[in-house]
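next come a sequence and a model predicted from it.
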Amino acid sequence: MMNQELEKYIRSIKNFPKDGIDFKDITTLLKDPKGLLQTGNALYDFAKEIPIDKVVGIESRGFFYGPLLAMKLQAGFVPIRKTGKLPAETVHQTYALEYGSDTIEVHKDAIAPGDKILLHDDLLATGGTARAACDLIEKAGGEIVQISFIIELAFLNAREKFEGYDLRTLIRYDKE
Ligand SMILES: O=P(O)(O)OC[C@H]1O[C@H](OP(=O)(O)OP(=O)(O)O)[C@H](O)[C@@H]1O
Ligand SMILES: Nc1ncnc2[nH]cnc12
């Protein structure tokens, strides 16, 4: 199956959570056994030839596939969380969203200097979240070897923020 064919599992909801946002809902993909498996396999195919020490997943939708990918890649899993949720010492970064703004954090000791990192999230919109996540990982000394998403809202041109990174996506929306 071509990756773009996975689009059939995505549900679009207009004006959620705010007017003007066309929300791409992956729960319809996750609940379908074929959608769930094919997406996991395709994300794994992106990364399987690259040595990876840790998969870093972004809260909350990056937690669906992040640990599954880590298990398949024989890597560890590290969560990046919204502010105030992680109990030990953290590094943090504030960023702008397609709607609103937020701060994310990672445990200071979660990434060792030189760790090869696969950063994963469900969706690339403006790229603000993933860009902040890259900055956090690099502050901690990690080396980002790949960034993967299920969905790319290509019309928002977020790729410009990731020059020099190996950024992979399965499903592309070229217009809203
Ligand atoms: O590319 P950006 O414009 O930064 O937007 C993408 C981010 O927005 C969504 O998360 P959200 O903040 O809605 O949180 P959630 O995963 O907890 O629902 C999505 O899961 C990405 O993390
Ligand atoms: N259009 C969208 N659909 C789902 N999640 C998002 N996160 C940011 N923009 C989004």
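Cool, got the structure. Residues are numbered from 1 along each chain as shown. Ligands and ions are numbered 1, 2, ... in the order given.

spell out which parts of the protein neighbour ligand 1.
Listed as neighbours of ligand 1 in the chain under the rule Cβ under 6 Å from any ligand atom: 58-61, 97-98, 102, 121-130, 158. Heads up, the C-betas are built off the backbone N, CA and C, glycines and all.

from those residues, which land in strands?
In strands, judged by DSSP state E, the following of these are found: 58, 102, 121-124.

list buried residues within these.
Among these, those scoring as buried are 58, 121-124 (criterion: 16 or more other Cβ atoms under 10 Å).

which of these are close to ligand 2?
Answer for these near ligand 2 (Cβ under 6 Å from any ligand atom): residue 123.

the helix or strand in which residue 133 is found packs against which elements?
Element membership for residue 133 (DSSP states H and E) is helix 128-139. Helices and strands touching helix 128-139, by 3 or more Cβ pairs under 8 Å, 6 or more residues apart in numbering; DSSP states H and E, are strand 54-58, strand 90-96, strand 101-107, strand 116-124, strand 143-153.

deepest of these, which one?
strand 54-58 (a mean of 26; mean count of other Cβ atoms under 10 Å).

how about residues contacting that one?
63, 65-67, 69-70, 73, 75-80, 104, 106, 110-111, 115-121, 129-130, 133, 137, 142 (Cβ atoms under 8 Å, 6 or more residues apart in numbering).
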